[in-house]
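>>> Okay, structure incoming, though there's no sequence with it:
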C-alpha cells in the first residue's frame with residue numbers, strides 16, 4: 001500500500017455530511033473466514049487503526065486532543081480482525097474483496113485488470129466483491145479519487161502474494177528449483193520438463209492462509225500486458241442492454257413497497273396526522289415516529305396513493321429563499337474585523353477592486369435516485385443500497401436502531417453515480433424503519449423530486465474580494481472572504497505584499513455536503529475572475545498580469561503551456577485582453593474555446609472572434 005495511510009491523505013474539509021448523525025433515531029429495542037469462503041488459498045492483511053479511518057482528518061485530531069482515544073464519531077464498531085483481500089477456491093476461481101464502491105467510475109474493471117495482471121490470469125476469471133460490510137475489509141468510503149492510488153496497489157500486492165504462494169506450492173510438489181518456474185495464463189509452468197499445474201490443482205484440498213508482506217514483487221510497468229491497456233468494461237454488456245440490476249430493480253419474496261411523507265417546507269415539525277384513509281387501503285401499513293411518516297404497501301402504486309391519502313399538519317419555520325439566501329449567509333456568519341494594515345495598503349494602492357460572487361446550491365441529481373431494500377431476519381438487518389460509504393451507512397443504521405454494528409449488513413450493488421451525494425444513507429434508514437414495522441422486506445425508491453428537495457446539496461456561498469494593485473500591475477493587497485461555501489483552495493497562489501483569506505461558517509437553511517471539488521471550484525472561480533477584472537482595469541493582458549505576480553514554477557509552467565496550446569496571451573495580438581478562463585460562449589451552435597473569445601478594447605464588450 002502507499003506509504004501514507006489512506007486516512008491521512010488530505011481531503012476537502014467541508015464534507016459536512018460526514019459530521020452529521022443519522023437523519024432518524026428509532027427507539028427500539030466477523031465471521032470465520034475459512035468457514036465462510038471454504039477451502040483454497042486466502043490472502044490477508046492486518047487492519048491497523050481501522051477505527052480512525054472513518055472520520056475526517058480534523059475530527060480525528062480534535063478527538064485525540066480531547067482524549068477520546070480513537071472513538072469513532074458515530075456508527076458502530078469497526079472490525080478488529082484480519083481482513084481478507086483475495087481468495088482462490090478449490091475450483092481455481094478468484095474472488096477479490098474491497099470496500100470500495102462502483103458508482104459509474106468503472107473501478108470494477110480497473111481493479112480487475114490489476115489483479116489479473118499480477119495473477120497472470122484472464123480478466124474474466126476475476127470476481128470482485130465490492131462494498132459488502134460482511135465480506136470486505138473496512139473502507140472509509142469511495143471519494144477523493146483514492147481508489148486508483150490506494151486500493152489498486154493494495155490489491156496488486158494481494159495478487160502478487162497469492163502468485164508467489166502458488167509458486168512455492170508448485171516448487172514443493174515438484175521438488176523443483178523455484179527460480180525456474182514461470183506463471184502463465186493461470187498455470188505454473190516447469191520449462192525443463194514442460195509440466196504444468198493449474199491454480200485449481202494447487203488450491204484443491206488446501207486451506208492455506210498467508211498475510212501480505214511488504215516484499216510482494218509487483219510486475220514492473222514494462223512487463224504489463226493488462227494494466228493500462230484498453231479492455232472491455234466488466235459487466236458492460238449487461239449495463240447497456242438493461243440486464244444489470246440496480247437497487248431499484250431488486251425483488252425479494254414477500255417484499256412491500258415504501259413511500260415517505262415529506263413536508264413541503266424545510267425544517268418542519270409534524271403537529272398532527274390523520275392516516276385513517278391510508279390505513280383503510282388493503283395491505284397498507286402506516287408508520288409514524290416523530291417527524292417520520294411512511295407507508296408500506298403491496299405495490300408501488302398503492303404506496304403512492306396511500307401517501308397522498310395522509311392528512312398532515314406541519315409547524316413550519318420561516319423560510320430563506322431567493323436573493324435573501326445570500327444576505328442570510330453573510331448575516332448569520334461572524335463578519336471579519338477591520339484590519340488597519342490592510343486598510344492602509346488598499347488606500348495607498350493605485351487601483352482597488354471590490355467584487356462579490358454568489359455560489360448557488362447545487363443538487364447532485366445522480367442518474368440513479370436513492371434507493372434501498374431492507375430486510376430484518378433473525379435479529380439481523382440487511383440493506384441493499386447505492387452508497388459511496390457502505391461502512392458509514394452501516395454505522396448510521398446501527399446508531400439509529402440502537403443495535404450492534406455486527407447485526408447490520410450493508411450491500412452496495414453497482415450503482416448509477418453519486419458525485420459525492422451518496423455518502424449518507426437516507427433511503428436505507430427509511431426502508432429499514434418501514435421493514436421493521438411491516439415485518440417484511442421493503443423497497444424504497446426516491447423520486448426525482450425527492451432528490452432535488454430532500455438530499456443534501458453542494459453548499460451555497462458568498463465570496464467577497466477586495467484587492468489593490470500598483471500601476472505596473474503588482475498586487476499590493478488581497479482580502480478574500482468565503483461565507484459558507486468552504487475553505488478549500490482559499491489561498492491565492494499569487495504573490496501579494498499583504499493578504500487576508502478567511503472562511504466564515506454560516507447558518508445554512510439546507511443540508512449541504514460533498515460535491516466533486518467542493519469549495520475549490522467556487523474559490524478558484526472567484527479568484528481567477530477577480531484577476532481578470534484587475535487585468536482589464538489595468539488594460540493588461542490577463543496572462544501577463546498573472547505571470548507578473550506568480551513565483552510558483554509549477555503553476556507558471558501550466559499557464560505557459562495552456563497559453564501555447566490555445567493561443568492565450570500576447571502571442572495572439574488580435575485576441576489580447578481576452579478572459580484567461582472564459583468559456584461557454586455560443587458561436588454558431590457550438591461552444592467557443594478560450595482562444596476564440598476576446599474583449600473589444602474600444603467597447604469593453606466580450607465577443608467571439
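Now that the structure is in, tell me what you want to look at. Values in this document were obtained by computation on a predicted structure and should not be read as measured data.

>>> so the residue lying farthest from the centre of the chain, which of the three states?
The centre of the chain is farthest from one residue, residue 193, which by Cα atoms, centre = their mean lies 51.8 Å away. Assigned with DSSP: H, G, I helix; E, B strand; the rest coil, residue 193 falls in the coil class.

>>> In contact with residue 262, which residues?
Counting by Cβ atoms under 8 Å, 6 or more residues apart in numbering, residue 262 makes contact with 450, 453-454. In this view, the C-beta of every residue, glycine as well, is placed from N, C-alpha and C.

>>> JSON lines please, covering those residues and showing pLDDT.
Output for those, formatted as JSON lines (pLDDT from 0 to 100):
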{"residue": "450", "pLDDT": "96"}
{"residue": "453", "pLDDT": "93"}
{"residue": "454", "pLDDT": "93"}
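
>>> List just the nearest of these to residue 324.
Using Cβ to Cβ, residue 453 is the member of the contacts of residue 262 that lies nearest residue 324, at 18.3 Å.

>>> Can you report phi and psi for the closest one?
phi -120, psi -30 (degrees, to the nearest 10).

>>> Could you measure from it over to residue 442?
Counting by Cβ to Cβ, to the nearest Å, the separation of residue 453 from residue 442 is 22 Å.

>>> Between those two, point out the one with more neighbours.
Higher neighbour count among residue 453 and residue 442: residue 442, with 31 against 16, using other Cβ atoms under 10 Å.

>>> That one bridge partners, please.
residue 256, residue 374 (DSSP bridges).

>>> how close does it get to residue 516?
Where residue 516 is concerned, residue 442 sits at a distance of 32 Å (Cβ to Cβ).

>>> tell me the secondary structure for the spatially most central residue of the chain?
Nearest to the mean C-alpha position of the chain, by Cα atoms, centre = their mean, lies residue 143 at 3.1 Å. Look at residue 143: counting by three-state DSSP, its state is coil.

>>> Isn't it up against residue 419?
No - using Cβ atoms under 8 Å, residue 143 is not in contact with residue 419; the gap is 10.1 Å.

>>> residues touching the residue nearest to the centre of the chain, list them.
11, 15, 388-389, 420, 423, 514.

>>> Buried residues in stretch 270-288, which are they?
Buried residues in stretch 270-288, defined by neighbour count with 16 or more other Cβ atoms under 10 Å: 270, 273, 275, 278, 281, 284-288.

>>> can you give me the end-to-end distance of that stretch?
10 Å (Cα to Cα, to the nearest Å).

>>> Pull the residues that contact that stretch.
Applying Cβ under 8 Å, 6+ apart, the set of residues contacting stretch 270-288 is 256, 263, 290-291, 293-298, 302-303, 305-307, 309-315, 433-434, 437-438.

>>> Drop anything exposed from the residues you listed.
256, 263, 293-298, 302-303, 305-307, 309-310, 312, 314, 433-434, 437-438.

>>> Can you flag which of those belong to strands?
256, 293-297, 312, 314 (DSSP state E).

>>> follow-up on the earlier one: so which of the contacts of residue 143 sit within helices?
Among those, none falls in helices (DSSP state H).

>>> Mind checking which of these land in strands?
Among those, no member lies in strands (by DSSP E).

>>> out of those residues, who's nearest residue 23?
Closest to residue 23, out of all of the contacts of residue 143 and judged by Cβ to Cβ, is residue 423, at 12.7 Å.

>>> Go ahead and confirm the closest one touches residue 140.
No - using Cβ under 8 Å, residue 423 makes no contact with residue 140, being 10.3 Å away.

>>> which residues touch residue 205?
Contacts of residue 205 (Cβ under 8 Å, 6+ apart): 39, 90.

>>> That one in helix, strand or coil?
Of the three states, residue 205 takes coil under three-state DSSP.

>>> Which strands and helices lie in contact with whichever strand or helix holds residue 395?
Using DSSP states H and E, residue 395 sits in helix 390-401. Under the contact criterion of 3 or more Cβ pairs under 8 Å, 6 or more residues apart in numbering; DSSP states H and E, helix 390-401 touches strand 380-385, strand 408-411, helix 426-438.

>>> tell me the most buried of those?
The highest average neighbour count among these, using mean count of other Cβ atoms under 10 Å, belongs to helix 426-438 at a mean of 26.
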